[in-house]
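K.L.:
got a sequence here, can you model it:
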Amino acid sequence: MKKLLLLVAAALLVTVVSCDTLNMGGLKFPSKGPVVTVAVPAGMNGGVDATWTVTWTSGVGPFTIAMNMGNGTTANVAAGTLATTPFTQVFTMVNPSTTTPATYTYNVQVTDSNNQVGVATAQYTVGVTLNQDPVIESAVYTQATKTLVVTASDPDDGETLTVGVVAGGGVSVDAASKVAAATGPVSASFTFQADDFFGGAAAGTADVTVTDTHSGSATQTGIAIVIDPFPLLADHLYCIPLQTSVAVGDPVTVVVATGVPANPFQFLNGAGITIESDADKVPETFNVGAPGGAKGATDGYWTPMAPTMFLVPDDGLIAVSDIGGGRERWDFNLTPVGGSDQTTASGALFSYQFSFGSAGTKTFGFEAVNVVNRTYYSDSTSTEFLWGDISNTGVSSVTVN
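P.N.:
Numbering: from 1, shown residues only. Take a look at the predicted model:
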C-alpha cells in the first residue's frame with residue numbers, strides 16, 4: 001500500500017511540472033551572434049592592393065559589416081555596409097617607409113538582424129612601400145624645331161627622373177640622356193639632326209626610356225623623327241647652327257655651306273661670321289667640309305674637287321673683331337691644295353664651334369666687306385668674287401638658357 005502511494009505522488013508531481021511548463025511557453029535561450037574570422041593576406045606591401053576576406057558563422061541575416069583598418073589602408077569599410085559571407089574587400093595598403101615594415105590593428109564587426117555583433121581584431125604587418133615605375137606622360141616631336149620634349153611623372157615622391165633617347169633611321173640626337181627638369185612639367189628636351197644634314201631624314205626614329213632613382217623605368221619606342229632637307233639655294237652662303245637651344249657655356253656647332261656659286265670657286269679666301277659679342281670660340285674645333293670625321297677629310301663641298309690636302313688656319317690665327325651694335329666678326333679661311341675650279345658643286349665648306357657667356361637669342365650671319373673683303377672666294381686665277389646672298393635667310397637662331 002505504501003508503494004502505491006509513492007507512485008501516485010510521483011505521477012501528480014509530473015503533472016504539476018508539465019502544467020507549469022505549458023504555462024511558461026517553454027524555456028528561451030539568447031540567440032548566438034556571428035562568429036567572425038578574418039583571412040589576412042600574406043606578403044602585403046605599401047602602395048599595393050591586397051584582397052581581404054571575412055567569413056562568419058551563426059547569427060540571423062541580413063548582415064552588415066564594418067572594417068576599421070587602423071590606418072594601414074587608404075580607406076575603411078563603413079559601418080552599415082550590407083554583406084554576405086564570405087565578404088571580400090580590396091584595400092590599397094599603406095606604409096610610409098621604404099625600408100621598415102609597419103604594424104597596424106584591424107577591427108572587424110559583423111552585425112546580424114537581431115543586432116547581435118561579432119567582433120574580430122588583431123594586429124597585421126604591411127611590408128615596405130615598393131618603388132613604383134615612372135610614367136611617360138607625353139613624348140612630342142616638333143618638326144619645325146627638330147626637338148622632342150619628353151614629359152614624365154612618378155607616383156613616388158622625391159624621385160629624380162632621367163630621360164634617355166636612342167636615335168635611329170638616319171638621325172642623331174644632341175644627348176644620350178638628360179635629367180628631367182625638377183620644376184614645372186617634369187620634362188627634358190632633345191634636339192635632332194639628320195646624318196645627311198642637307199638631305200634630311202624621312203624615316204628617323206627615337207626610343208625613349210625614363211628611369212627613376214630606384215631603377216624603375218618606362219619606355220616608349222618608335223617615335224617618328226622627320227627632318228626636312230635644307231635647300232642650298234644657288235649663289236647663297238649659309239651659317240647654320242646645328243643646335244638651336246643650349247645652356248650658357250655649351251658648344252654650338254655651326255656649318256658654313258654654299259649653294260652652287262655664280263662663279264668658279266676654288267679657294268675660300270674669307271668667311272666673316274658675325275654673332276653677338278658674348279660668343280667665344282671652342283678651340284681646335286675647325287673641321288673641313290661636313291661635320292664629323294677627320295678634321296681635314298675631304299667631304300661636303302670639296303668632294304668633287306678632291307684636293308690632295310688643305311691648309312687649315314691655325315686656331316690662334318682665327319681672329320675676332322668688334323663690329324659695333326653688340327656684335328663681332330670671326331674671320332675664317334680655307335685653302336685646298338691640288339684642287340681645281342668648281343662650277344656645279346655645293347655643300348658644307350667647314351664647321352666650327354662657339355659657346356656663349358650669357359642667355360638670350362643668338363643669330364649668326366656674315367659681313368661681306370669691312371675696309372676690305374671679309375666674305376669672299378676666288379678661282380684659279382685669283383679673281384675674287386662675293387656671294388650673291390649672305391643674308392642667312394631661313395636659318396634658325398640659337399636660344400641660350
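
K.L.:
can you report how many residues lie near residue 388?
P.N.:
For residue 388, the count of nearby residues is 14 (other C-beta atoms under 10 Å). All C-beta spots, glycine's among them, are computed from the backbone N, C-alpha and C.

K.L.:
please disregard the earlier target; I meant residue 224.
P.N.:
Neighbour number of residue 224 under other C-beta under 10 Å is 12.

K.L.:
mind listing what's buried in the helix or strand hosting it?
P.N.:
In the assignment (DSSP states H and E), residue 224 maps to strand 217-227. Using 16 or more other C-beta atoms under 10 Å as the test for burial, strand 217-227 gives 218, 223, 225, 226, 227.

K.L.:
same question for stretch 203-218.
P.N.:
Here stretch 203-218 shows 204, 205, 206, 208, 209, 210, 211, 212, 216, 218 as buried, counting by 16+ other C-beta under 10 Å.

K.L.:
which secondary structure element is home to residue 141?
P.N.:
Using DSSP H and E, residue 141 maps to strand 135-142.

K.L.:
touching that strand from outside, list them.
P.N.:
147-155, 192, 206, 208, 210, 218-220, 223-226 (C-beta atoms under 8 Å, 6 or more residues apart in numbering).

K.L.:
one more pass at 10 Å, please.
P.N.:
147-155, 161, 163, 165, 185-187, 189-190, 192, 204, 206-210, 216-220, 223-226 (C-beta atoms under 10 Å, 6 or more residues apart in numbering).

K.L.:
any figure for the gap between residue 292 and residue 47?
P.N.:
47 Å (C-beta to C-beta, to the nearest Å).

K.L.:
quick one, which of the two is more surrounded?
P.N.:
residue 47 (18 against 13).

K.L.:
export the buried residues of strand 217-227 as a markdown table, with columns for pLDDT.
P.N.:
What follows is these, written out as a markdown table (pLDDT from 0 to 100):
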| residue | pLDDT |
| --- | --- |
| 218 | 97 |
| 223 | 98 |
| 225 | 98 |
| 226 | 97 |
| 227 | 94 |
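
K.L.:
mind picking the one among those that's closest to residue 387?
P.N.:
Proximity of the buried residues of strand 217-227 to residue 387 (C-beta to C-beta) peaks at residue 227, which lies at 25.4 Å.

K.L.:
give me every residue that touches the closest one.
P.N.:
By C-beta under 10 Å, 6+ apart, the contact set of residue 227 is 143, 146, 170-171, 192-197, 199-202, 204.

K.L.:
domains of this protein?
P.N.:
Following automatic domain parsing, one gets these domains for the chain: 35-126, 135-227, 237-400.

K.L.:
averaged pLDDT, the first one. What do you get?
P.N.:
When the per-residue pLDDT values of domain 35-126 are averaged, the result is 97.

K.L.:
measure how far it is from the centre of its chain, please.
P.N.:
For domain 35-126, the gap between its own C-alpha mean and the chain's C-alpha mean amounts to 39 Å (C-alpha atoms, centre = their mean, to the nearest Å).

K.L.:
ends of that domain, how far apart?
P.N.:
From its first residue to its last, domain 35-126 covers 26 Å (C-alpha to C-alpha, to the nearest Å).

K.L.:
also stretch 309-316?
P.N.:
End-to-end distance (C-alpha to C-alpha), stretch 309-316: 20 Å.

K.L.:
check contacts around the closest residue to residue 133 other than its chain neighbours.
P.N.:
Spatial nearest neighbour of residue 133, excluding adjacent residues (C-beta to C-beta, 6 or more residues apart in numbering): residue 216 at 4.1 Å. Listed by C-beta under 10 Å, 6+ apart, the contact partners of residue 216 are 130, 131, 132, 133, 134, 135, 154, 155, 156, 159, 161, 210.

K.L.:
filter the residues you listed down to the buried ones.
P.N.:
The neighbour-count criterion (16+ other C-beta under 10 Å) marks 131, 133, 134, 154, 156, 159, 161, 210 among the contacts of residue 216 as buried.

K.L.:
could these go into a markdown table alongside distance to residue 367?
P.N.:
Putting the buried ones among the contacts of residue 216 into a markdown table (distance: C-beta to C-beta, whole Å) gives the following:
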| residue | distance to residue 367 |
| --- | --- |
| 131 | 57 |
| 133 | 54 |
| 134 | 49 |
| 154 | 50 |
| 156 | 55 |
| 159 | 50 |
| 161 | 45 |
| 210 | 45 |
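
K.L.:
looking at pLDDT only, which of those residues scores worst?
P.N.:
residue 156 (83).

K.L.:
for it, which three-state class applies?
P.N.:
Following DSSP: H, G, I helix; E, B strand; the rest coil, the label given to residue 156 is coil.

K.L.:
again, but for the one 3 residues further on
P.N.:
The three-state label for residue 159, taken from three-state DSSP, comes out as coil.

K.L.:
ok, now which ones touch the spatially closest residue to it that is not a sequence neighbour?
P.N.:
Excluding its sequence neighbours, the residue lying closest to residue 159 (C-beta to C-beta, 6+ apart) is residue 212, at 4.4 Å. By C-beta under 10 Å, 6+ apart, the contact list for residue 212 reads 131-134, 152, 154-156, 158-162, 218.
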